[in-house]
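*Asks:* What follows is a predicted structure for the sequence shown.
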Amino acid sequence: MLRYQHRQGQELSMRNIREVLRLGMTCGSSAREIGRSLRITHPTAQKYLLAAKERGLTWDGIKAMSKGGVNWEDIG
């Protein structure tokens, strides 16, 4: 499984990235709430939410993609 580096040398799995997006896009959770829920830093949650927004992604579109369908490696 691909893993993505985030702050402090910890790894964020594609599953957690999708969960960040689901919580932010469907539940309206803040980056801080998501961070606490998933035990990640809030800037990390915010980074993925902003990247998805900049790309015009919606949760329905993300949900329909395969797990490898979103290339997050260029986000940094």
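*Replies:* The structure has been received and is ready for your questions. No experiment lies behind these values; they were computed from the predicted model shown.

*Asks:* Low-confidence stretches in the chain?
*Replies:* 1-11, 66-76 (pLDDT under 70).

*Asks:* tell me, what residue is most central in it?
*Replies:* I17 (3.2 Å; Cα atoms, centre = their mean).

*Asks:* For the protein, just list every one of the helices.
*Replies:* 14-26, 31-38, 42-54, 59-64 (DSSP state H).

*Asks:* What is the burial count for the residue nearest to the residue nearest to the centre of the chain when sequence neighbours are not counted?
*Replies:* Excluding the flanking residues, the one nearest I17 by Cβ to Cβ, 6 or more residues apart in numbering is Y48, at 5.6 Å. C-betas here are computed from N, CA, C, even on glycine. By the criterion of other Cβ atoms under 10 Å, Y48 has 25 neighbours.

*Asks:* tally of neighbours for M65?
*Replies:* Count around M65 with other Cβ under 10 Å applied: 11.

*Asks:* what's near enough to touch it?
*Replies:* Residues counted as contacts of M65 (Cβ atoms under 8 Å, 6 or more residues apart in numbering): none.

*Asks:* roughly how far apart are it and R55?
*Replies:* 12 Å (Cβ to Cβ, to the nearest Å).

*Asks:* count of neighbours near the closest residue to L23 other than its chain neighbours?
*Replies:* Spatial nearest neighbour of L23, chain neighbours left out: S29 (4.3 Å); criterion: Cβ to Cβ, 6+ apart. S29 is flanked by 18 other residues according to other Cβ under 10 Å.
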